[in-house]
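fold the following.
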Amino acid sequence: MSRFVRVVPAVLVLALTVPACGTGGAQGTPGGSGVRDPYFPKAGNGGYDVTHYDLTLAYTPASRHLTGRTVITARATQDLSAFNLDLKGLDVEQVTVGGSTARWNRTGQELTIRPRDDLAEGSTFRVAVRYSGTPVTITDPDGSEEGWLPTADGALALGQPTGSTAWFPGNHHPSDKATYDLAVTVPKGLRAVSNGELTSETTTGGRTASTWRTTAPMASYLVTLAVGRYDITRSTTDDGLPVYTAVDPAETPASRAVLARIPEVLAWAEDRFGPYPFSSAGAIVERADDAGYALETQSRPVFPGAPNVQLLVHELAHQWYGDSVSPRTWQDMWLNEGFATYAEWLWEEDHGGETAQQIFDALHDHGEDIYDDLWAFPPAKPASAAHISDTPVYQRGAMVLHKIRQAVGDDTFHDIVRGWAAAHRHGNADTEDFTTYVEKQAPDQDFDRIWDDWLYGDGKPSRA
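Residues are numbered from 1 along each chain as shown. This next block holds a predicted model:
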């Protein structure tokens, strides 16, 4: 962050692909209605792990009406008599599990599903919910808006931290990553742009249908859908990586030069951070007033207006740190934002600007003149859910990385940031995973002061 043709009302279908618990099997219990995230305890759900989402959506901007069919493939991690999906707003019309009608009820964002037969631990299953309505815009604890954001000619779906609950049911916590297929129909003249690769696009009977596929695991908060009029550019990098950009026509002139640098930035980032983790790249540029922040939506970051190079570097660096290596909980946001901010420092250093040391020194000596909350809390301990995207998570997070670099030297630091991205590629990690990893890479170095003063400590640490 910087923050088919005619479709009938959809059904969310969960079909069993292995036997459920029979009458002689284990007695299931309900899965949890949250994963006890320290800042969003009701986000996500216990008892199962999603492996794939298949979304079929139809949206009409004039009426702001969405119909959806989401097919979820998941694996039970316990014997289940019931389980929850997260869904905020929208009208649920039918739920099936394994092709059989399931009982369900709703409390807030919790959709509790009771399959006809218990699900056995280790079994793979698929679900069905038909749903429709007007998706909601969610106001975050910090006051920013996410979820489903109506725009002048369509809509923009942004999910950090919980906005994806506004437009499709699922296990909405970054610890449960999955692959995705999206099939979206919109009125002729508009486009639907999402993550991954566009696999088809056809217009019939006044509607345009697009299908998108993401084959690398993706946290639900990184899923995006942009509906509107866009200038589309398709290209490839020197290595053959497809690059797809979608730009609101009002932003095309201002965006053209910086978006043309995507291959350059990716080549630089690969040298710094290791191989690019996904099978395509690109960007979505909306009008500046359509969203209040940029977001690192996987493989195709979203920008509110034309970005500058520093913001482009930040969001593309997130493809390694935040998208491929995703936080285990929302308390670990500094592993996203500290890395992406430090990437900006490294870009400046490598392109004739200030060195990372100069930026660090200026922040330490005068940072409170620029950011009045710079020393408000340590990066690994945000004060509350309202503060997970505050300055300490970004700037002090980057300062932690610079202190590590000072301690181990450039060569070892280079190995650490590349190795970290490789060790947790397409997975999840938390702060303890990171500190343990760093200590193993430099076993002769004592990191206690860095962890105690810079990562976890309150107040302004001394520079030494």
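
thought Val309 was touching Leu259?
No. Counting by C-beta atoms under 8 Å, Val309 does not reach Leu259; the two are 10.5 Å apart. The C-beta positions use only the backbone N, C-alpha and C, and glycine is treated the same way.

so which of these two has more stuff around it?
Each of Val309 and Leu259 has its neighbours counted (other C-beta atoms under 10 Å); Leu259 has more, 22 against 16.

wait, a helix at Asp415?
Yes. Assessed with DSSP: H, G, I helix; E, B strand; the rest coil, Asp415 lies in a helix.

what about it, how many neighbours?
Neighbour tally, Asp415, other C-beta under 10 Å: 13.

next one: Pro379
27.

what backbone torsions are found at the residue lying closest to Ala246 once chain neighbours are set aside?
Nearest residue to Ala246 in three dimensions, chain neighbours excluded: Tyr230, at 4.0 Å (C-beta to C-beta, 6 or more residues apart in numbering). The phi/psi pair for Tyr230 (degrees, to the nearest 10) reads phi -140, psi 150.

repeat that for Leu363.
According to degrees, to the nearest 10, Leu363 has phi -70, psi -40.

that one and Leu374 touch, don't they?
Yes. The pair Leu363 / Leu374 is scored as a contact, 7.2 Å apart, by C-beta under 8 Å.

any residues in contact with both of these two?
Gln395 (C-beta atoms under 8 Å, 6 or more residues apart in numbering).

just to check, the residue nearest to Ala246 is in contact with Pro249?
Yes. With contacts counted by C-beta under 8 Å, Tyr230 reaches Pro249, the gap being 7.5 Å.

Ser299 against Ile284, yeah?
No. With contacts counted by C-beta under 8 Å, Ser299 stays clear of Ile284, the gap being 10.6 Å.

quick one: Ala216 from Tyr276, how far?
Look at Ala216 and Tyr276: by C-beta to C-beta, to the nearest Å, they are 11 Å apart.

can you give me the strands in the stretch 151-300 of the chain?
155-158, 178-187, 191-194, 197-204, 207-218, 225-228, 231-236, 242-247, 281-286 (DSSP state E, counting those that start in this stretch).

let's see the longest helix seen in the chain as CSV, backbone CA atoms only.
Counting by DSSP state H, the longest helix found in the chain is helix 334-350. Below are the C-alpha coordinates for helix 334-350, written out as CSV (Å, rounded to 0.1, in the frame of the first residue of the first chain):
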residue,chain,number,x,y,z
TRP,A,334,6.1,-3.7,8.8
LEU,A,335,7.5,-6.7,6.9
ASN,A,336,5.5,-5.3,3.9
GLU,A,337,5.9,-1.6,4.3
GLY,A,338,9.4,-1.4,5.8
PHE,A,339,10.8,-3.5,2.9
ALA,A,340,8.9,-1.5,0.3
THR,A,341,10.0,1.8,1.8
TYR,A,342,13.6,0.6,2.0
ALA,A,343,13.3,-0.3,-1.7
GLU,A,344,12.7,3.4,-2.3
TRP,A,345,15.9,4.3,-0.4
LEU,A,346,17.9,1.7,-2.4
TRP,A,347,16.5,3.0,-5.7
GLU,A,348,17.6,6.5,-4.8
GLU,A,349,21.0,5.3,-3.8
ASP,A,350,21.4,3.3,-7.0
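
so which bits of it are buried?
Residues 334-348 are the ones in helix 334-350 that count as buried (16 or more other C-beta atoms under 10 Å).

now stretch 41-52
Going by 16+ other C-beta under 10 Å, stretch 41-52 has these buried residues: 42-48, 50-52.

average model confidence for that stretch?
What stretch 41-52 shows for mean pLDDT is 97.

ok, residues contacting it?
Residues contacting stretch 41-52 (C-beta under 8 Å, 6+ apart): 30-35, 37, 72-78, 80, 83-86, 108-110, 119, 124-125, 161-162, 170-173, 175-176, 178-181, 330.

select only the buried ones of those in ChimeraX?
Entered in ChimeraX, the line below selects the buried ones among the contacts of stretch 41-52, by 16+ other C-beta under 10 Å:
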select :30,31,33,34,35,37,72,73,74,75,76,78,80,83,84,85,86,109,110,119,124,125,161,162,170,171,172,173,175,176,178,179,180,181,330
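
figure out how far stretch 231-246 is from the centre of its chain.
The chain centre lies 21 Å from the centre of stretch 231-246; the measure is C-alpha atoms, centre = their mean, to the nearest Å.

closest to Trp320 out of the buried residues of helix 334-350?
Comparing the buried residues of helix 334-350 against Trp320 with C-beta to C-beta places Phe339 closest, at 7.4 Å.

quick check: closest non-adjacent residue to that closest one.
Tyr321 (3.6 Å).

distance of the one you found from Gly122?
According to C-beta to C-beta, Tyr321 stands 33 Å off from Gly122.

for Thr215, same thing?
Distance from Thr215 to Gly122, by C-beta to C-beta: 24 Å.

same check on Ala219?
24 Å.

picking that back up, relative to Pro161, how far out is the residue nearest to Phe339?
17 Å.

quick one: least confident helix or strand in this protein?
None of the helices or strands of the chain scores lower by mean pLDDT, DSSP states H and E than strand 12-16, at a mean of 36.

and after that one, which helix or strand comes next?
Once strand 12-16 ends, the next helix or strand along the chain (criterion: DSSP states H and E) is strand 29-30.

name every strand pairing with that next one and say which way it goes.
strand 80-86 (parallel) (DSSP bridges).

what's next to the partner strand, contact-wise?
Identification of contacts with strand 80-86 by C-beta under 8 Å, 6+ apart yields 12, 27-33, 42-45, 47-48, 72, 109-115, 118-119, 121, 127, 129, 162, 165, 169-172.

for the record, mean pLDDT for that strand?
The model assigns strand 80-86 a mean pLDDT of 98.

could you list every helix and strand that the helix or strand that that strand is followed by packs against?
Reading on from strand 80-86 to the C-terminus, the next helix or strand found by DSSP H and E is strand 91-97. On a contact count with 3 or more C-beta pairs under 8 Å, 6 or more residues apart in numbering; DSSP states H and E, strand 91-97 meets strand 12-16, strand 103-107, strand 110-114, strand 124-133.

quick check: angle from the longest one to strand 80-86?
Pointing back at strand 124-133 there. 40 degrees (axes from the mean of the first three to the mean of the last three C-alpha atoms, to 10 degrees).

show the average pLDDT along strand 124-133.
So the average pLDDT for strand 124-133 ends up being 96.

ok, that strand: who's next to it in the sheet?
Assessed with DSSP bridges, strand 124-133 is paired to strand 12-16 (antiparallel), strand 65-76 (antiparallel), strand 91-97 (antiparallel).

what's the offset of that strand from the middle of its chain?
With C-alpha atoms, centre = their mean, you get 22 Å for strand 124-133.

could I get the contacting residues of the nearest residue to Gly89 once chain neighbours are set aside?
Using C-beta to C-beta, 6+ apart and skipping the chain neighbours, the partner closest in space to Gly89 is Val136 (4.1 Å). If you count contacts by C-beta under 8 Å, 6+ apart, Val136 has them with 88-89, 147-148, 166.

thinking again about what came up before, quick check: the farthest pair among the buried residues of stretch 41-52?
The span of those, defined through C-beta to C-beta, is set by Lys42 and His52 at 23.6 Å.
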